[in-house]
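Visitor: 3D, please:
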Amino acid sequence: MIISMPESMDMDGKDRNVEASHKSHNPRSRKLRSLVWNDFTKEQRADGTYIAICNHCKKHLTASSRSGTTHLKNHLGVCMSSKRTKRKKLVVRRLALKSTEAKNDGKTGGADCFQFDQELSEQDLARMIVLHGYPFGIIQHTGFKTFLRNLQPQFKLVSFETLKADCLRIYESARLKLQEVLGKLTCRVSLSVDMWKSNVDMEYMCLTCHYIDNDWRFQKKILAFLPVESLSTGEEISKAIVQSMCDWNIDRKVSSLLLDNCSFDDVVANELLKFLRPKGSLHLNGDMLHVHSCAHVLSLIVQDGLELISELVNKVRDCIQYVKSSQARLAKFQDAVKQVGAPKKPIIIDIPSSWTSTYVMLETACEFQSAFTWLASNDDEYLPLSPKDWGDVKAVTECLDVFYQSILKFSTIRIPTANLYFNDICGIHLLLKTSCLSQYPIIISMAKGMLGKFEERWGTTRMVMAIASILDPRYKMKSVEYFFQKIYGDTFDAKDKIENIRKTLVTLYNEYALQSTHASSNQTFLCYAGDNSSCASNECSIGAESKNSTRITLSDARRGLDQYLQEVSSSQSMKSDLDMYLDEAVHPSKEGPDESFNILAWWKFNAAKYPVLSMMAHDILGIPVNIPLDNDGRVLNQYLSSTEPATVQALVCAQDWLKVDIEAGNLDGDVCMPLVPVNGDEFSPLSK
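Guide: Residues are numbered from 1 along each chain as shown. Presented below is the predicted three-dimensional model:
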């Protein structure tokens with residue numbers, strides 16, 4: 001038996017009803033003075049103990065006199081129901097303030113409606129710190145203190161420790177929310193691993209989860225940001241990944257892994273296969289588990305090609321370095337630019353480790369060819385390129401332009417579903433084969449080397465992209481058939497590769513079909529089982545009695561119809577939704593970029609029509625086959641580098657998760673400064 005107590009209290013926190021109801025049997029009962037009791041109801045159990053029930057989420061917590069109220073305050077910090085209620089009250093107060101100000105036509109009387117809330121303001125401060133990557137020490141800055149004092153004198157600035165605790169509570173609350181979301185997912189997830197460095201020679205492993213949610217929206221969440229200073233082997237890195245998968249309870253939901261920026265990627269992939277295969281949850285027995293990023297593979301291929309023509313690249317680099325080596329030489333080159341009418345833009349020298357900067361250098365050099373030629377005739381110290389060299393530079397630039405434009409295109413795709421890359425990758429494959437027949441020997445040499453690396457490194461990833469392309473209703477099998485016939489010619493090799501993709505598609509589909517409606521399919525079969533002796537339905541009993549009677553009942557007629565339907569159905573081959581999908585005409589394409597077609601909206605609309613195939617599309621389209629990676633740019637800023645690892649993980653993950661609130665409109669839609677810079681540029685906030 002629980003004795004319920006009313007919630008009415010005075011402004012000072014005194015619960016008069018509670019006090020009155022207990023005075024007779026408990027004269028020593030303490031008055032509930034803490035404001036925390038505005039959010040809790042204190043009740044007495046039959047055994048005489050007390051509990052505090054959250055008015056928002058109804059959770060029971062201890063309310064003994066010795067337990068205090070700290071645990072109750074901590075609960076409110078993570079109680080999403082409480083936060084939503086208080087946030088709504090704040091919004092209502094702000095709307096009321098705006099309405100009153102409008103009625104007063106600018107008069108100051110409207111400000112009286114505003115009610116300051118210290119707790120909500122503290123939460124807003126912590127959320128601001130997390131969202132924008134500000135250091136905790138900002139609360140000690142004189143300018144920040146002055147700003148807050150003039151903005152809201154009633155706000156009491158919290159301590160460094162309190163602010164940190166508030167930020168960690170935001171992380172914990174968002175973590176529980178995300179864990180609930182992942183637990184309800186009906187689809188699979190893909191994982192990517194990225195390695196980061198700090199200014200204190202400590203490495204971090206960033207584990208990111210990619211998936212298409214139950215509402216067919218592409219999602220990307222950072223799950224862990226862990227220090228790996230002691231993880232010097234692939235086995236130890238894989239153990240950290242396995243632990244994270246188990247912590248998030250997604251070890252049976254993994255579809256693919258992308259490990260391009262991870263040390264010992266092949267070792268890590270093999271170790272994870274050993275862990276996941278015995279669970280029996282991997283499709284194709286894990287053959288599609290380890291994939292590669294398009295941007296990463298293309299970068300490796302181009303770097304290999306540039307090494308083959310390094311002599312020519314060095315010549316161009318030397319010419320530019322000569323011009324930029326002194327102000328006098330640069331001034332003379334600028335005179336040459338004016339003389340020949342070359343474009344008025346700076347000449348660029350590359351970063352050898354970045355092939356995109358090398359491409360830009362070669363392209364810019366071609367625009368200044370006439371200026372370099374003029375310089376050669378007016379500067380005896382300058383060593384010019386020969387006309388043949390310039391011809392080779394132009395040919396190389398034209399070849400690399402396809403790769404460069406593809407990288408730019410890939411980097412601007414807003415929703416990177418896996419169907420958007422197969423056509424372009426096949427186009428690059430076709431270009432390399434064509435370039436092997438070029439009139440320029442240097443292009444032939446470079447193209448042959450790149451082609452070999454291209455065919456060696458794609459493997460599983462191109463299979464994933466091909467299946468994703470088939471799941472694009474605008475192409476289906478047509479893209480695979482067209483490009484493979486172009487690349488391999490009308491030969492047995494082309495037909496064999498097309499058939500291999502088709503067989504893999506069917507095998508994968510069959511695995512989904514077995515998992516989809518197995519129970520309901522068995523039930524349907526049992527209903528048409530006819531003479532099945534285990535049938536215990538009322539209809540079967542009536543049918544059994546009719547065998548001993550000469551009278552024909554309606555049940556006999558119905559059973560005969562059921563038997564006839566079963567015989568006819570068994571003699572006809574039923575079409576799967578995969579067969580229906582492939583047999584139907586392709587969806588008409590409209591002009592514009594590929595990503596302008598919302599494939600996720602199409603599958604959401606057609607999921608009922610293709611129930612099994614839509615499950616497959618859910619998983620395959622969410623595989624991150626293109627993640628831009630920059631091995632030289634993964635460096636934490638100074639603030640995070642000097643912060644303890646557990647806090648770093650909380651701040652990085654919480655900032656990533658709070659972006660959902662911005663997108664949903666729960667927060668102002670401004671751009672937050674990432675704690676982990678996506679482009680490698682280091683953000684250095686003021687240190688505490």
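
Visitor: residue 321: what's it in contact with?
Guide: residue 349 (Cβ atoms under 8 Å, 6 or more residues apart in numbering). Where C-beta positions appear, they are placed from N, C-alpha and C, glycine not excepted.

Visitor: I'd like the next helix or strand past the helix or strand it falls within.
Guide: Of the helices and strands defined by DSSP states H and E, residue 321 is found in helix 310-324. Toward the C-terminus, helix 310-324 is succeeded by helix 327-340 as the next helix or strand (DSSP H and E).

Visitor: now do that next one and helix 310-324, the angle between them.
Guide: Interaxial angle of helix 327-340 relative to helix 310-324 (axes from the mean of the first three to the mean of the last three Cα atoms, to 10 degrees): 100 degrees.

Visitor: for helix 327-340, packing partners?
Guide: Applying 3 or more Cβ pairs under 8 Å, 6 or more residues apart in numbering; DSSP states H and E, we find helix 327-340 packed against helix 310-324, helix 369-378.

Visitor: can you list the helices and strands that the shortest one packs against?
Guide: What that stands for is helix 369-378. Helix 369-378 packs on helix 327-340, going by 3+ Cβ pairs under 8 Å, 6+ apart.

Visitor: what's in contact with the helix it packs on?
Guide: By Cβ under 8 Å, 6+ apart, helix 327-340 touches 322-324, 342-344, 347, 368, 370-375, 378-379.

Visitor: just the CA trace of that helix, in PDB.
Guide: C-alpha atoms of helix 327-340 as PDB (Å, rounded to 0.1, in the frame of the first residue of the first chain):
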ATOM      1  CA  GLN A 327      60.800  39.000 -55.100                       C
ATOM      2  CA  ALA A 328      62.900  40.000 -58.200                       C
ATOM      3  CA  ARG A 329      62.100  36.800 -60.000                       C
ATOM      4  CA  LEU A 330      58.400  37.000 -59.100                       C
ATOM      5  CA  ALA A 331      58.300  40.600 -60.400                       C
ATOM      6  CA  LYS A 332      59.900  39.500 -63.600                       C
ATOM      7  CA  PHE A 333      57.400  36.700 -64.000                       C
ATOM      8  CA  GLN A 334      54.500  39.200 -63.400                       C
ATOM      9  CA  ASP A 335      56.000  41.300 -66.200                       C
ATOM     10  CA  ALA A 336      55.900  38.200 -68.400                       C
ATOM     11  CA  VAL A 337      52.200  37.700 -67.500                       C
ATOM     12  CA  LYS A 338      51.400  41.300 -68.600                       C
ATOM     13  CA  GLN A 339      53.300  40.900 -71.800                       C
ATOM     14  CA  VAL A 340      51.600  37.700 -72.900                       C
END
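
Visitor: and residue 333, how far from residue 370?
Guide: 12 Å (Cβ to Cβ, to the nearest Å).

Visitor: between the two, which is the more surrounded one?
Guide: Legend: neighbour count by other Cβ atoms under 10 Å for residue 333 and residue 370, higher for residue 333 (23 against 14).

Visitor: between the contacts of helix 327-340, which is nearest residue 220?
Guide: residue 347 (38.6 Å; Cβ to Cβ).

Visitor: wait, isn't the closest one in contact with residue 368?
Guide: Yes. With contacts defined as Cβ atoms under 8 Å, residue 347 counts as touching residue 368 at a distance of 6.1 Å.

Visitor: in stretch 349-357, what counts as buried?
Guide: For stretch 349-357, the neighbour count (16 or more other Cβ atoms under 10 Å) marks 349, 350, 355, 356 as buried.

Visitor: quick check, the second one in a strand?
Guide: No. Assignment of residue 350 by DSSP: H, G, I helix; E, B strand; the rest coil gives coil, placing it outside any strand.

Visitor: looking at it, it is touching residue 360, isn't it?
Guide: Yes. At 7.1 Å, residue 350 counts as touching residue 360 under the criterion of Cβ under 8 Å.

Visitor: ok, the closest residue to residue 316 other than its chain neighbours - how many residues close by?
Guide: Among residues not flanking residue 316 along the chain, residue 365 sits closest, at 5.1 Å (Cβ to Cβ, 6 or more residues apart in numbering). Counted by other Cβ under 10 Å, the residues lying close to residue 365 total 24.

Visitor: ditto for residue 172
Guide: 15.

Visitor: list the contacts of it.
Guide: Contacts for residue 172 were tallied using Cβ under 8 Å, 6+ apart; they are residue 78.

Visitor: which helix or strand contains it?
Guide: helix 160-184.

Visitor: now residue 427
Guide: With DSSP H and E as criterion, residue 427 is part of helix 422-435.

Visitor: which residues does the residue positioned nearest the centre of the chain form beta bridges with?
Guide: The centroid of the chain falls nearest to residue 220 when counting by Cα atoms, centre = their mean (1.7 Å). Taking DSSP bridges, one finds residue 210 as the beta-bridge partners of residue 220.

Visitor: surely it and residue 206 touch.
Guide: No. The pair residue 220 and residue 206 does not pass the contact test of Cβ under 8 Å, sitting 11.7 Å apart.

Visitor: show me the strands in the chain, by range?
Guide: 2-3, 40-45, 50-54, 60-62, 189-197, 203-212, 218-227, 254-261, 290-291 (DSSP state E).

Visitor: starting at the chain centroid, how far to stretch 441-449?
Guide: 38 Å (Cα atoms, centre = their mean, to the nearest Å).

Visitor: just the C-alpha atoms of it, please, in PDB.
Guide: What follows is stretch 441-449, C-alpha atoms only, in PDB (Å, rounded to 0.1, in the frame of the first residue of the first chain):
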ATOM      1  CA  PRO A 441      53.600   7.500 -74.100                       C
ATOM      2  CA  ILE A 442      53.500   9.100 -70.700                       C
ATOM      3  CA  ILE A 443      49.700   8.800 -70.500                       C
ATOM      4  CA  ILE A 444      49.900   5.100 -71.600                       C
ATOM      5  CA  SER A 445      52.500   4.400 -68.900                       C
ATOM      6  CA  MET A 446      50.500   6.200 -66.200                       C
ATOM      7  CA  ALA A 447      47.100   4.800 -67.300                       C
ATOM      8  CA  LYS A 448      48.400   1.200 -67.300                       C
ATOM      9  CA  GLY A 449      49.800   1.500 -63.800                       C
END
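
Visitor: and it, what's buried?
Guide: 442, 443, 446, 447, 448, 449.

Visitor: and of those residues, the nearest to residue 149?
Guide: Proximity to residue 149 was ranked across these by Cβ to Cβ; first place goes to residue 446, at 65.1 Å.

Visitor: and the nearest residue to residue 634 once chain neighbours are set aside, how many residues sit next to it?
Guide: Excluding the flanking residues, the one nearest residue 634 by Cβ to Cβ, 6+ apart is residue 196, at 4.4 Å. Close neighbours of residue 196, defined as other Cβ under 10 Å, add up to 22.

Visitor: just the buried positions in stretch 469-485, please.
Guide: In stretch 469-485, counting by 16+ other Cβ under 10 Å, buried: 469-477, 479-481, 483-484.

Visitor: between all of these, which two are separated the most?
Guide: So, the buried residues of stretch 469-485 by Cβ to Cβ: farthest apart are 473 and 484, at 19.8 Å.

Visitor: low-confidence ranges in the stretch 101-250 of the chain?
Guide: Within the stretch 101-250 of the chain, the stretches with pLDDT under 70 are 101-114, 229-232.

Visitor: thinking again about what came up before, mean pLDDT lowest for which of the helices and strands packed on helix 327-340?
Guide: With a mean of 91, helix 369-378 has the lowest mean pLDDT of the helices and strands packed on helix 327-340.

Visitor: which residues touch residue 185?
Guide: Counting by Cβ under 8 Å, 6+ apart, residue 185 has contacts 211, 213, 214, 253.

Visitor: which of the residues you listed count as buried?
Guide: 211, 213, 253.

Visitor: could you check how far the first one is from residue 462?
Guide: By that I understand residue 211. In terms of Cβ to Cβ, residue 211 sits 22 Å off from residue 462.

Visitor: perfect, that will be all.
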